[in-house]
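Undergrad: only the shape, not the letters, is given here:
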């Protein structure tokens, strides 16, 4: 059995904790009813921004094209109806934004620590790499190169200013720290598996954040501790949704946005695909840069909201902003999720350093969280980053599963099709921005040159890499910035009104 590429049908669930908008809330307010802000995107970034705005008394509408909130952290049913993310998630000890948000929303008791095992698949063998001592047994490298690999991690974590690395590629930096052999065996396959044709262009800062984060999540004995939310990300998404409802935030699911509307002075709102206008003083786009550019692009000369229409002259900053957004390169992701009746191995996170294996990672979620929480099913994610026009991405769900079976048999001797009770295939067209040297010059701004228009996406979390922790951080930053500008504008208007009354 397979799941759809995109879950677009509404879930007929009356549980108030479920993150679908209640029935009837998808009717937008009248066109002339101007909001303080419209937030496009109902993932953690958009919801966090809406929370900051609403808690400061601003009127906010969140618009989400899917039937449920959560974005890439959205969930689906496994086993006997238990819920789990479509794409794998965990938190590090350093992910303070997520941990603080849980405390803020009263879900801290659901945050659980887990000791996990990490490994690497290389030359048809699984090598454990959970603790520093495991490096001494990593036979693909000579004893000297094993020592170099260990020292590389230590030296990388001593870097305190990422700006010193921004002009270098990951390859240049890693070779300088550990030598060519260590790079070719350990790092090159991971970079090529993750970024494909862009592997040689990836910036050193991207790799530095990976090494720094994993080091900060280890105990004194060297064991890695990761955190997961009981009930998954949906537990937190539901809590966010409930809090936004308490604050009066309008949440519109199943509502694709067609365009951001502007005039010669700035943003005026958004137009949905059904033609409904949502007037707003501010608009926050939390979508990928290319999607944002499409929403800002011309929509046709006969459209009254078209920037070139006589009633709505285009904003002069739009063309340059569109070009900047389209220059950001992204990779897609295809994720095969297995519901097995037995586990594949005892490893949670298995990096794949074999170019003949179609996936860059095998993440056995139930080697971190208990299978008992998923009806006894052993849940495994197989992840691959690739261009959206790649053959694997364009395969049907059935073809993806059939294609993957012989590779699983090779990696896990004894594996059989009968182990799989169910499977699902999920795709994300914009999953991973390609971070290159000098990325700060290319990164889109949060506050744009179009008055009232703001951007917050995974392309803007630099120098960190994408993740729910940074989604919350960027959402909060954008929400606070927008709230500050709204407060300033109201103050100016109040002073003008007072001056006019005195005159």
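TA: In hand now; what should we look at? All figures in this text were calculated on a predicted structure; none of them were measured in a lab.
Undergrad: the helix or strand containing residue 150 packs against which elements?
TA: Assigned by DSSP states H and E, residue 150 belongs to helix 143-157. Applying 3 or more Cβ pairs under 8 Å, 6 or more residues apart in numbering; DSSP states H and E, one finds that helix 143-157 makes contact with helix 170-178, helix 180-182, helix 204-215. The way it works is simple: take the backbone N, C-alpha and C, and place the C-beta from them, glycine included.
Undergrad: mean confidence for the shortest one?
TA: Okay, so that is helix 180-182. When pLDDT is averaged along helix 180-182, the result is 96.
Undergrad: same thing with the longest one?
TA: Regarding helix 204-215, the rounded mean pLDDT is 81.
Undergrad: try stretch 424-436
TA: Per-residue pLDDT values over stretch 424-436 give a mean of 96.
Undergrad: and it, how far from the chain's centre?
TA: From the chain centre to the centre of stretch 424-436 is a distance of 9 Å (Cα atoms, centre = their mean, to the nearest Å).
Undergrad: tell me the buried residues in the helix holding residue 150?
TA: 145-146, 148-150, 152-153, 156 (16 or more other Cβ atoms under 10 Å).
Undergrad: then stretch 285-296?
TA: So stretch 285-296, judged by 16+ other Cβ under 10 Å, has buried residues 285-296.
Undergrad: same thing with stretch 244-257?
TA: Residues of stretch 244-257 classed as buried: 244-245, 247, 249-255, 257 (neighbour count, 16+ other Cβ under 10 Å).
Undergrad: turn the residues you listed into TSV, including secondary structure and distance to residue 417.
TA: Conversion of the buried residues of stretch 244-257 to TSV gives the following (DSSP: H, G, I helix; E, B strand; the rest coil; distance: Cβ to Cβ, whole Å):
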residue	secondary structure	distance to residue 417
244	helix	44
245	helix	45
247	coil	50
249	coil	47
250	strand	47
251	strand	42
252	strand	42
253	coil	37
254	coil	36
255	coil	41
257	strand	42
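Undergrad: nearest to residue 74, of the residues you listed?
TA: Set against residue 74, the nearest of these by Cβ to Cβ is residue 253 (11.1 Å).
Undergrad: and stretch 315-329, what's buried?
TA: 315, 317-318, 321-322, 324-325, 328-329.
Undergrad: over to stretch 461-477?
TA: Result for stretch 461-477 [16+ other Cβ under 10 Å]: buried residues 461-477.
Undergrad: next one: stretch 181-192
TA: So, applying 16+ other Cβ under 10 Å, buried residues of stretch 181-192: 181-183, 185-192.
Undergrad: now residue 98: closest residue in space that isn't a chain neighbour?
TA: In space, not counting the residues next to it along the chain, residue 98 is nearest to residue 469; the distance is 4.8 Å by Cβ to Cβ, 6 or more residues apart in numbering.
Undergrad: in the stretch 251-400 of the chain, where is pLDDT below threshold?
TA: Low-confidence segments of the stretch 251-400 of the chain (pLDDT under 70): 298-314.
Undergrad: the strands in it, which residues?
TA: Under the criterion DSSP state E, counting those that start in this stretch, strands of the stretch 251-400 of the chain are mapped to 257-262, 267-272, 277-285, 330-340, 349-352, 361-364, 378-386.
Undergrad: a markdown table for those strands, including distance to residue 58?
TA: Shown next, in a markdown table, are the strands of the stretch 251-400 of the chain (distance: least, Cβ to Cβ, whole Å):
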| stretch | distance to residue 58 |
| --- | --- |
| strand 257-262 | 19 |
| strand 267-272 | 15 |
| strand 277-285 | 9 |
| strand 330-340 | 31 |
| strand 349-352 | 41 |
| strand 361-364 | 39 |
| strand 378-386 | 37 |
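Undergrad: am I right that residue 475 is in contact with residue 45?
TA: Yes - under the criterion of Cβ atoms under 8 Å, residue 475 makes contact with residue 45 at 3.9 Å.
Undergrad: ok, now which ones touch the residue nearest to residue 98?
TA: Residues in contact with residue 469 (Cβ atoms under 8 Å, 6 or more residues apart in numbering) are 91-92, 95-98.
Undergrad: same question, residue 476
TA: Counting by Cβ under 8 Å, 6+ apart, the residues that residue 476 touches are 48-49, 51-52, 97.
Undergrad: show only the entries of those found in helices.
TA: Using DSSP state H, the subset of these located in helices is 48-49, 51-52, 97.
Undergrad: mind listing what's buried along the helix or strand hosting residue 407?
TA: In the assignment (DSSP H and E), residue 407 maps to helix 397-411. Within helix 397-411, the residues scored as buried using 16+ other Cβ under 10 Å are 397, 400-401, 404, 407-408, 411.
Undergrad: what does stretch 360-380 give?
TA: Here stretch 360-380 shows 360-369, 371, 373-374, 377-380 as buried, counting by 16+ other Cβ under 10 Å.
Undergrad: next: stretch 477-492.
TA: For stretch 477-492, the neighbour count (16+ other Cβ under 10 Å) marks 477-479, 481-483, 485-486 as buried.
Undergrad: hmm, back to that, okay if I get the buried residues of stretch 181-192 as a markdown table plus secondary structure and distance to residue 235?
TA: As requested, those are exported to a markdown table (three-state DSSP; distance: Cβ to Cβ, whole Å):
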| residue | secondary structure | distance to residue 235 |
| --- | --- | --- |
| 181 | helix | 45 |
| 182 | helix | 40 |
| 183 | helix | 40 |
| 185 | helix | 40 |
| 186 | helix | 35 |
| 187 | helix | 35 |
| 188 | helix | 38 |
| 189 | helix | 35 |
| 190 | helix | 31 |
| 191 | helix | 34 |
| 192 | helix | 36 |
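Undergrad: of these, closest to residue 440?
TA: Using Cβ to Cβ, the buried residues of stretch 181-192 come closest to residue 440 at residue 191, 20.8 Å.
Undergrad: identify the residue nearest the closest one in space, chain neighbours excluded?
TA: Of all residues not flanking residue 191 in the chain, residue 199 sits nearest, at 4.2 Å (Cβ to Cβ, 6+ apart).
Undergrad: so what's the one you found up against?
TA: 171, 188, 191-192.
Undergrad: off-centre distance for stretch 421-437?
TA: 9 Å.
Undergrad: pull up the pairing partners for the top strand by length along the chain, direction included.
TA: In the chain, with assignment by DSSP state E, the single longest strand is strand 420-433. Applying DSSP bridges, strand 420-433 is found paired with strand 330-340 (antiparallel).
Undergrad: and the lengthiest helix in the chain, what's its mean pLDDT?
TA: Counting by DSSP H, the longest helix found in the chain is helix 468-502. Per-residue pLDDT values across helix 468-502 average out to 87.
Undergrad: that helix versus helix 204-215: what angle between them?
TA: Per axes from the mean of the first three to the mean of the last three Cα atoms, to 10 degrees, the angle that helix 468-502 makes with helix 204-215 is 110 degrees.
Undergrad: and residue 99, how far from residue 469?
TA: Counting by Cβ to Cβ, to the nearest Å, the gap from residue 99 to residue 469 is 9 Å.
Undergrad: I misspoke; the intended subject was residue 113.
TA: According to Cβ to Cβ, residue 113 and residue 469 sit 16 Å apart.
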